[in-house]
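Visitor: the sequence and its predicted three-dimensional model are supplied below.
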Amino acid sequence: MELKDTIELMQSEDYKERFMAEHQQLIIRYKKLKKMYDNRDNLNFLPLCPKSIYKMQLEVMERYLAILEARAAIEEVPVWDCTSE
């Protein structure tokens, strides 16, 4: 799944569908940043930020994901199983 695949849900009138899109987008962004972080030494460009900044961003994204998943459970919003990809 790519960010463009979440457009329809993000534009929905239904807040649960917008919530699902937000969750999907966060997972997509997290996985891309994590891949860059893990492969930093083999990139075809040199990231300007120190590795510690990217690590901090990943940690915040993980907390945000945990919050969204807690809300999803309480509000009965089906969320994307990120372990399936």
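Guide: Received it, and whenever you're ready, just let me know what you need. Residues are numbered from 1 along each chain as shown.
Visitor: and the helices in this structure?
Guide: With helices called from DSSP state H, the chain shows them at 7-10, 15-38, 51-75.
Visitor: which one of those helices lies nearest to Met1?
Guide: Met1 lies closest to helix 15-38 among these, at 6.4 Å (C-beta to C-beta). Quick note: C-beta positions are derived from backbone N, CA and C, even for glycine.
Visitor: residues making contact with that closest one?
Guide: 1-3, 5-7, 9-10, 12, 43, 47, 51, 54-55, 57-58, 61-62, 64-65, 68-69, 71-72, 75, 77-80, 82, 85 (C-beta atoms under 8 Å, 6 or more residues apart in numbering).
Visitor: let's have the helices of the chain in a markdown table, adding mean neighbour count and mean pLDDT.
Guide: Shown next, in a markdown table, are these (neighbours: other C-beta atoms under 10 Å; pLDDT from 0 to 100):
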| stretch | mean neighbour count | mean pLDDT |
| --- | --- | --- |
| helix 7-10 | 13 | 95 |
| helix 15-38 | 16 | 95 |
| helix 51-75 | 12 | 96 |
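Visitor: name the nearest residue to Met10, sequence neighbours excluded.
Guide: Once flanking residues are discounted, Met10 sits nearest to Ala21: 4.1 Å by C-beta to C-beta, 6 or more residues apart in numbering.
Visitor: from Glu76, how far out is Arg29?
Guide: Distance, Arg29 to Glu76, using C-beta to C-beta, to the nearest Å: 25 Å.
Visitor: got it, and Leu46?
Guide: For Leu46, the distance to Glu76 - C-beta to C-beta - is 45 Å.
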